[in-house]
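Q: how does the following fold in three dimensions:
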Amino acid sequence: MLHYLKTEAEYFDAAARGEKNFTVRKDDRGFKVGDYLVKMRFKKGHFTGALMFAKVSYKTNFPAGVRKGYVVLGFKTKHITVVEEWK
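A: You can find the predicted model right below:
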């Protein structure tokens with residue numbers, strides 16, 4: 001399954017640098033390990049044109065401090081590809 005996700009620039013950039021390998025999302029799409037994420041970089045409410053492709057390697061919906069109905073999805077850095085922004 002392929003999931004398209006809006007991602008704020010701060011979080012997108014940290015993932016692109018390999019510093020952040022997880023995301024917290026509302027569990028409204030049936031996320032599963034093995035799914036692919038297409039993370040779209042948004043800055044000030046607008047799509048910048050940068051895309052990131054990642055494969056979900058971990059999912060949990062029971063972590064401490066996460067609101068009910070949300071999940072933590074882990075993804076492996078080696079599965080990240082960043083497509084350059086529009087110029």
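Q: hey, what's the closest residue to residue 4 other than its chain neighbours bridged with?
A: Leaving aside its sequence neighbours, residue 4 sits nearest to residue 38 (Cβ to Cβ, 6 or more residues apart in numbering; 4.9 Å). In short, each C-beta sits where N, CA and C put it, glycine included. With DSSP bridges as the criterion, residue 38 is bridged to residue 4, residue 53.
Q: hmm, residue 7 and residue 38 touching each other?
A: No: Residue 38 lies out of contact with residue 7 (Cβ atoms under 8 Å); the separation is 9.7 Å.
Q: who has more neighbours, those two?
A: Legend: neighbour count by other Cβ atoms under 10 Å for residue 38 and residue 7, higher for residue 7 (21 against 14).
Q: surely the more buried one is in contact with residue 41?
A: Yes: here residue 7 reaches residue 41: they are 6.0 Å apart, a contact under Cβ under 8 Å.
Q: tell me where this protein has strands.
A: Secondary structure of the chain (DSSP state E): strands located at 2-8, 22-26, 36-43, 46-60, 70-75, 81-83.
Q: and the longest one, what does it pack against?
A: Where contact means 3 or more Cβ pairs under 8 Å, 6 or more residues apart in numbering; DSSP states H and E, strand 46-60 is packed against helix 9-16, strand 36-43, strand 70-75, strand 81-83.
Q: how far does that strand sit from its chain's centre?
A: 4 Å (Cα atoms, centre = their mean, to the nearest Å).
Q: now swap in the fifth one and tell me
A: Remark: strand 70-75 is offset 8 Å from the chain centroid, using Cα atoms, centre = their mean.
Q: likewise for the third one?
A: Strand 36-43 sits 6 Å away from the centroid of its parent chain (Cα atoms, centre = their mean).
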